[in-house]
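**Student:** Structural data only, the sequence is not supplied:
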């Protein structure tokens, strides 16, 4: 048995290897790409599994029935398997940079309504090693909190490990996510269905019907189906 199979590395360690090889590595497993995951609401109502991950119109089955998880929950989250992964939420993670891009052009140093703070490593600052913290009565967004998921029942992080940790975490961030999206893309209803895009697993993006058909939930399923087909046609060696 190889060392990787016996002792999986973390997502971050494998990603570093992939970046040097200029390949997408690690990647979501085909089973993970089968998830059809509504971000907000009770878990039993929100997560389904595409019977055929390569078909964007595939029939689906529940991820959880009663207290029983679908068998997909025991499968590896990634190819190759990982021992742990630390996750941020993409829209929240990008919010500080959106704030800076909007306000830095008019954030004059002599304006008492503008607040700066010295940047600390690894940050280089937004201007002259300083971070813009407040402008136009708006506070700099905090960014995304981090969530680390470790392997539990198996030597590797399973789909079940990931979904059961991330879904309740997203519920705690709902109001903040909706507010950030609304601020930059126009007012959006809290009842809007948002879906998890289970591909870039360390920086989870939410999708919704922004501008159909190009930016739509259906286009998300099509993208995941193409990814699944590609993974089947190009297995990792």
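**Tutor:** Cool, the structure landed. Keep in mind that what you see is a predicted model, and the values were worked out from it rather than measured.
**Student:** who does the most centrally placed residue in the chain bridge with?
**Tutor:** Central residue of the chain (C-alpha atoms, centre = their mean): residue 204, 0.5 Å from the mean position. Per DSSP bridges, the residues bridged to residue 204 are residue 89.
**Student:** so who does it touch?
**Tutor:** Contact analysis of residue 204 by C-beta atoms under 8 Å, 6 or more residues apart in numbering lists 87-90, 166, 196-198. Any C-beta I mention is one placed from the backbone N, CA and C, and that applies to glycine too.
**Student:** Give me the buried subset of these.
**Tutor:** Applying 16 or more other C-beta atoms under 10 Å to the contacts of residue 204, the neighbour count classes 87-90, 166, 196-198 as buried.
**Student:** Among these, which pair sits farthest apart?
**Tutor:** Across the buried ones among the contacts of residue 204, no pair lies farther apart than 88 and 198, at 14.7 Å, counting by C-beta to C-beta.
**Student:** Give me the next element, helix or strand, following the least confident helix or strand in the chain by mean pLDDT.
**Tutor:** Least confident helix or strand of the chain, by mean pLDDT, DSSP states H and E, is helix 3-6 with a mean of 47. Under the assignment DSSP states H and E, the closest C-terminal helix or strand after helix 3-6 is helix 11-21.
**Student:** buried set for that next one?
**Tutor:** Result for helix 11-21 [16+ other C-beta under 10 Å]: buried residues 11, 14-15.
**Student:** For the lengthiest helix in the chain, enumerate the helices and strands it packs against.
**Tutor:** For the chain, the longest helix by residue count, based on DSSP state H, is helix 159-185. Helices and strands touching helix 159-185, by 3 or more C-beta pairs under 8 Å, 6 or more residues apart in numbering; DSSP states H and E, are strand 35-38, helix 43-46, strand 84-89, helix 90-103, strand 147-150, strand 203-207.
**Student:** avg pLDDT for the helix or strand just after the fourth one?
**Tutor:** Using DSSP H and E, the helix or strand that follows helix 90-103 towards the C-terminus is strand 115-118. Strand 115-118 shows an average pLDDT of 93 in the prediction.
**Student:** Next, the buried residues of strand 115-118.
**Tutor:** Buried-residue list, strand 115-118, by 16+ other C-beta under 10 Å: residue 116.
**Student:** what lines up beside it in the sheet?
**Tutor:** With DSSP bridges as the test, strand 115-118 pairs up with strand 130-135 (antiparallel).
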